[in-house]
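Chemist: Turn this into a model:
(one chain, ligands or ions: 2)
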Amino acid sequence: MNKLHECLITLHNPVAPNHYRMVLQSKDIAGHSSPGQFLMLEISAGYYPFLRRPMSIERIFSDGVSILYKVCGEGTKILSTLSVGEKINVQGPLGNSFPIPKEYQQYLIIAGGIGVAPFPALVEKILNVRGVAPEIILAGKDYTHLLCEKDFRQMGCKTHLVTEDGSAGDMGLATDILKKLNITGPTIVYTCGPLPMIKNVHKICIERKWLCYASLEAEMACGEGVCLGCVVPAKIEVENEMMARVCKEGPIFDTQVILWEKIGE
Ligand SMILES: Cc1cc2nc3c(=O)[nH]c(=O)nc-3n(C[C@H](O)[C@H](O)[C@H](O)COP(=O)(O)OP(=O)(O)OC[C@H]3O[C@@H](n4cnc5c(N)ncnc54)[C@H](O)[C@@H]3O)c2cc1C
Ligand code: FES
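Modeler: Ligands and ions are numbered 1, 2, ... in the order given. Take a look at the predicted model:
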């Protein structure tokens, strides 16, 4: 399939301070996308910013996909100024997707802040293929950083809220809730968010013998495995080095594959 698409922006709304949802029209992208994959957006047709910006696919519709993003620098600031009716060049879908192994009856999603972005599509897929609603831990600095709560509840997910300042749900971190959950039996955990959170979720999953898949982030240039700009140390050999390309072998990794001791925070 052609990976470059001129997509019409059909919706672009603020959803929280500095956070936006954008719907991009493209039957081609929608028809080839799976939860966990991402898109590279050409923010402007000129040279600034030069590189495309990677964004997870939030939801997959029949004629397009949505993204959910946080304004954190120049690229996302410019992105936030685009209007419905404008077009944007999109490369994708790229990368791998979340595995949904059928031996697992319990699915637990742990999202920190904007790390929630890939999960609405995953919940829809788990509901479709397994008929089970995953349990969710939604964590953020404060209540404004808890996104998609309503969507998850509407999809039937038991959703635990936790904020660092206690402004919504429990006060604390995602891992505080994870440690308290009374889950037994084969469980698969999916996580995305700040790296320290992912590392700690991974450690808890190892202790409990749970399988854990994380969606990782890295700064990217080509998005298709060529430039080696997005590598992380891993128990995988790529170009004679123990590493994985987040854009190609990832962004979804079994957390046991990552060499966490070699990654700084
Ligand atoms: C596979 C993948 C999926 C992503 N999905 C989403 C998403 O769904 N929603 C969302 O809001 N963001 C997502 N990101 C992060 C997003 O790509 C960056 O926030 C964005 O590129 C920043 O661009 P900028 O020009 O606004 O910021 P810049 O001016 O480039 O940088 C601002 C700050 O953000 C940091 N940053 C830049 N690029 C990245 C990056 N790729 N990952 C982490 N930090 C970065 C910089 O180090 C700097 O501190 C994803 C990243 C990857 C790799
Ligand atoms: S961004 Fe070029 S190899 Fe991943």
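Chemist: going forward, measure contacts between C-alpha atoms and count neighbours the same way
Modeler: Will do.
Chemist: Can you pull the residues of the protein lying near ligand 2?
Modeler: The chain comes close to ligand 2 at residues 220-230, 245-247, as judged by Cα under 6 Å from any ligand atom.
Chemist: Distance of C247 relative to S97?
Modeler: Taking Cα to Cα, to the nearest Å as the measure, C247 and S97 are separated by 11 Å.
Chemist: Just want to know which of those two has more residues nearby.
Modeler: C247 (29 against 20; other Cα atoms under 10 Å).
Chemist: Quickly note the distance from the more buried one to V232.
Modeler: 10 Å.
Chemist: Same question for Q256.
Modeler: For Q256, the distance to V232 equals 13 Å [Cα to Cα].
Chemist: For H32, give its distance to ligand 1.
Modeler: For H32, the distance to ligand 1 equals 17 Å [Cα to the nearest ligand atom, to the nearest Å].
Chemist: so how many other residues sit close to the closest residue in space to that residue that isn't next to it in sequence?
Modeler: Spatial nearest neighbour of H32, chain neighbours left out: P93 (7.0 Å); criterion: Cα to Cα, 6 or more residues apart in numbering. For P93, the number of neighbouring residues by other Cα under 10 Å comes to 25.
Chemist: One more: S62?
Modeler: Tallying neighbours of S62 according to other Cα under 10 Å, which is how burial is gauged here, yields 12.
Chemist: now swap in I177 and tell me
Modeler: Burial measure for I177: 19 neighbouring residues, criterion other Cα under 10 Å.
Chemist: Report the secondary structure state of it.
Modeler: Three-state secondary structure (criterion: DSSP: H, G, I helix; E, B strand; the rest coil) places I177 in helix.
Chemist: for E124, same thing?
Modeler: Three-state secondary structure (criterion: three-state DSSP) places E124 in helix.
Chemist: residues in contact with it?
Modeler: If you count contacts by Cα atoms under 8 Å, 6 or more residues apart in numbering, E124 has them with M155.
Chemist: For ligand 2, see how far away it is.
Modeler: Computed with Cα to the nearest ligand atom, the distance linking E124 and ligand 2 is 28 Å.
Chemist: ditto for S44
Modeler: Between S44 and ligand 2 the distance is 19 Å, computed by Cα to the nearest ligand atom.
Chemist: Helix, strand or coil: sort out that residue for me.
Modeler: When the structure is reduced to helix, strand and coil (three-state DSSP), S44 reads as coil.
Chemist: Spell out which residues of the stretch 151-265 of the chain are next to ligand 1.
Modeler: 217-220, 251.
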